[in-house]
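> Have a look at this fold, sequence not included:
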């Protein structure tokens, strides 16, 4: 069980680095880069425009295209306003469970992959193993979208990808896309006794939300007849509507955070076209009859591709062989997998821990889940050996 102890020791180090998406992940990136570099891995660190975030690419094995990529995101969600029973950034073990922010989502997989790296480095590999660790997955897969550019142009791009999100080591071959937006409304403040003299940003935001909810109902009828997702149609969710200060002032500013999870690209195009038409031809003209400076602007927070189930999927078949799994599943949560699939890579999601624990207080991963992950990676090393 040496590999398991090495994994848990490394996981404890990673948990102690609070890589919340709002903060830097550079210390974690350098820790992993040094560990893999000491094994002779070829290291590439890709910083974002701020210089405070980075992706890590590390390759062990022959310098050639193909091989397999083990991928995980380094960022975690915040712990504020969560009722933890212990320090979320100090890993603790209780009854075979490891508690801490990021233990399952998804530093557990990263620790297992890096702990197994010496095994890959000691083999005469037929194909390379690439480690891809990204930033800002939790806020729109920003790092993976940057990584797409490097991989697209790379002469040694991997052919297969395992994304180690928490699936209880089940094989996930598909999920919906995830598109997140913030729409901002700028109106004209005034006294509440004369609503006709102002442009009430909250009222127009409410009308905008009502239109989104109408589109949500229409999406039910657009579901592909063979859709295996649950629910089978594209969904829309309103996450936040804010604006205004007091009872008797016409609010001049409002914001709506919303998302959709498309099952097909045409649904995303339909929603954007319909809501943009509503803004352009209905809401804005009404607002600007009172104030020509009124405005509605939508910011794209993230538009992440879904993972499409494929009839021919080499990495799905490989992971089934490695784990002994008899079937595959689809999930409702989003990952970076679709971005890699867009590059022509065969991709699946399979990792230790349960998504039911992710983002919650007292997040945990079970030791037996990490052991199963290590077993899969050990068998992968055998598969890739000459």
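It's in. Everything numeric in this text was worked out from a predicted model, so none of it was measured.
> hey, what's residue 304 bridged with?
Counting by DSSP bridges, residue 304 is bridged to residue 178.
> I figured it was touching residue 338, is that so?
Yes: the pair formed by residue 304 and residue 338 meets the contact definition of CB atoms under 8 Å, at 6.5 Å. Any C-beta I mention is one placed from the backbone N, CA and C, and that applies to glycine too.
> Need the residues touching each of these two.
Taking CB atoms under 8 Å, 6 or more residues apart in numbering as the criterion, residue 304 and residue 338 both touch residue 177.
> Leaving out the residues flanking it, which one is nearest to residue 86?
Excluding its sequence neighbours, the residue lying closest to residue 86 (CB to CB, 6 or more residues apart in numbering) is residue 92, at 5.4 Å.
> With residue 47 instead?
Nearest non-adjacent residue to residue 47, counting by CB to CB, 6+ apart: residue 54, 4.7 Å away.
> Can you report how many residues neighbour that neighbour?
When counting by other CB atoms under 10 Å, one arrives at 24 neighbours for residue 54.
> Could you do the one 5 residues further on as well?
As a burial measure, the neighbour count of residue 59 was computed by other CB under 10 Å and equals 22.
> repeat for residue 237
As a burial measure, residue 237 scores 12 neighbours (other CB under 10 Å).
> which stretches of the stretch 251-386 of the chain form helices?
Taking DSSP state H, counting those that start in this stretch to define them, one finds helices in the stretch 251-386 of the chain at 265-278, 284-288, 314-323, 337-341, 367-384.
> So the residue nearest to residue 47 is in contact with residue 27, correct?
No: using CB under 8 Å, residue 54 is not in contact with residue 27, being 10.4 Å away.
> hmm, back to that, which residues does the residue nearest to residue 86 contact?
Shown in contact with residue 92 (CB under 8 Å, 6+ apart): 86, 98-100.
> now these in a markdown table, with pLDDT?
Formatted as a markdown table, those follow (pLDDT from 0 to 100):
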| residue | pLDDT |
| --- | --- |
| 86 | 96 |
| 98 | 98 |
| 99 | 98 |
| 100 | 98 |
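> Quick check: PyMOL command selecting the buried ones in those residues.
Per 16 or more other CB atoms under 10 Å, the buried members of the contacts of residue 92 correspond to this PyMOL selection:
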select buried, resi 98+99+100
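> quick one: which two of the contacts of residue 92 are the most distant?
The span of those, defined through CB to CB, is set by 86 and 98 at 11.5 Å.
> I'd like the average pLDDT over stretch 75-84.
For stretch 75-84, the mean per-residue pLDDT is 96.
> Buried ones in that stretch, by neighbour count?
When burial is assessed from 16+ other CB under 10 Å, stretch 75-84 yields the following buried residues: 75-77, 79.
> Ok, stretch 354-361 next?
For stretch 354-361, the neighbour count (16+ other CB under 10 Å) marks 354-355, 357-359 as buried.
> Just the closest of these to residue 197, please.
Ranked by distance to residue 197 (CB to CB), the buried residues of stretch 354-361 are led by residue 359 at 44.4 Å.
> got the contact list for that closest one?
Counting by CB under 8 Å, 6+ apart, residue 359 makes contact with 77, 105.
> Residue 386 now?
Residue 386 is in contact with 123-126, counting by CB under 8 Å, 6+ apart.
> Quickly list the domain ranges of the chain.
Domain assignment of the chain by automatic domain parsing yields the ranges 2-175+307-384, 178-304.
> winner for burial among those?
Most buried of the domains of the chain, by mean neighbour count (mean count of other CB atoms under 10 Å): domain 2-175+307-384, with a mean of 20.
> now the strands for the stretch 201-350 of the chain?
235-243, 249-250, 253-261, 295-304, 329-331, 346-349 (DSSP state E, counting those that start in this stretch).
> The fifth one pairs with which strands, parallel or anti?
Right, strand 329-331. strand 172-175 (parallel).
> How far does the partner strand sit from its chain's centre?
13 Å (CA atoms, centre = their mean, to the nearest Å).
> Give me the residues contacting it.
Strand 172-175 has contacts (CB under 8 Å, 6+ apart) with 165, 228-229, 306-310, 313, 316, 328-335, 337-338, 348-350.
> Also stretch 13-22?
Counting by CB under 8 Å, 6+ apart, 25, 27-28, 31, 74-79, 89-91, 100-103, 107, 110-111, 135-136, 138-139 sit against stretch 13-22.
> from those, which ones fall inside strands?
When those are checked against strands (DSSP state E), there are no matches.
> Which ones among those residues map onto helices?
Using DSSP state H, 27-28, 31, 110-111 are the members of the contacts of stretch 13-22 that sit in helices.
> Output those in a markdown table, with distance to residue 371 and pLDDT appended to each entry.
Converted to a markdown table, the ones in helices among the contacts of stretch 13-22 look like this (distance: CB to CB, whole Å; pLDDT from 0 to 100):
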| residue | distance to residue 371 | pLDDT |
| --- | --- | --- |
| 27 | 28 | 98 |
| 28 | 23 | 98 |
| 31 | 23 | 98 |
| 110 | 16 | 98 |
| 111 | 13 | 98 |
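> and of those, the nearest to residue 343?
Distance to residue 343 across the ones in helices among the contacts of stretch 13-22 (CB to CB) is lowest for residue 110, with 21.1 Å.
> any idea which element the nearest residue in space to the closest one that is not next to it in sequence lies in?
Nearest non-adjacent residue to residue 110, counting by CB to CB, 6+ apart: residue 72, 4.4 Å away. Secondary structure assigned from DSSP states H and E places residue 72 in strand 68-73.
> Equivalent analysis for residue 130, please.
Here residue 130, judged by DSSP H and E, is contained in strand 129-134.
> Low-confidence regions, this structure specifically.
For the chain, the stretches with pLDDT under 70 are 1-2.
> Identify the residues contacting residue 240.
255-257 are the contacts of residue 240 under CB under 8 Å, 6+ apart.
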